[in-house]
Each structure stands twice: as C-alpha cells, then as structure tokens.
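# build me a structure from this.
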Amino acid sequence: MVKAKCYTGGKINRGAWTADEDERLREYLKVHGEKKWRSLPARAGLNRCGKSCRLRWLNYLRPDIKRGNFSEDEDDLIIRLHNLLGNR
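Numbering: from 1, shown residues only. Next up, the predicted model:
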C-alpha cells in the first residue's frame, strides 16, 4: 500500500513560516474549521504539507494556547504534585 504524497503542487516551502502564511492558515481555518488537513494547503493557497499546517496550527496559532510564565496556582500545583510523586 502506497501512501499519497502530502502535497501535489510544485515546490514545497520548508523552514520558517512567514506572517503571510500564518494569516492565510488562520483565515482559512476560521471559515472552514479544522478538518481534512491533507487537502487544506491546496485549498488555502499554501505551498506546505498538510502535516506542517496541522502542526503549525496546533502548536503555535490556536487562539486558546497559553503562553508565558506559570501562574501562582500552577506553581503550587506543580510543587504539591512533586512532593507527592517525586521525580517519577
């Protein structure tokens, strides 16, 4: 069984994402939602692999991703769990 290529167009962009690519991905997902990652790049006008688009969205662009330092409550929880479980 042969797996289909992730991108059937011309040259695939590799490396760092540009602000324009990020915006295209955001706009496309706002309208169409998170589905059919394999065909998304062609429909969104991106020269990227579907897996690359999915990972970019999940790890960097989703609006509900929390960035920055831990809150006081999160610090306390980590310390309490470490005291309970140790380094496991």
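# what segments of this structure are helices?
Ranges of helices in the chain, per DSSP state H, are 19-32, 40-44, 50-56, 72-85.
# what residues of the shortest one count as buried?
Along helix 40-44, the positions that meet the burial threshold by neighbour count (16 or more other CB atoms under 10 Å) are 40-41, 44. Backbone N, C-alpha and C define where each C-beta goes, glycine included.
# okay, now residue 31: neighbour count?
Counted with other CB atoms under 10 Å, the neighbours of residue 31 add up to 8.
# how close does it sit to residue 22?
Going from residue 31 to residue 22 by CB to CB, to the nearest Å gives 15 Å.
# what pLDDT does residue 2 get?
Predicted confidence (pLDDT) for residue 2: 64.
# oh, I was asking about residue 78
At residue 78, pLDDT is 95.
# packing partners for the lowest-mean-pLDDT helix or strand in the chain?
Sorting the helices and strands of the chain by mean pLDDT, DSSP states H and E puts helix 40-44 at the bottom, at a mean of 91. Judged by 3 or more CB pairs under 8 Å, 6 or more residues apart in numbering; DSSP states H and E, helix 40-44 is in contact with helix 19-32, helix 50-56.
# now that helix, how far from the centre of its chain.
Centre-to-centre, helix 40-44 and its host chain are 15 Å apart (CA atoms, centre = their mean, to the nearest Å).
# over to stretch 17-31?
Taking mean C-alpha positions (CA atoms, centre = their mean), stretch 17-31 and its chain are 11 Å apart.
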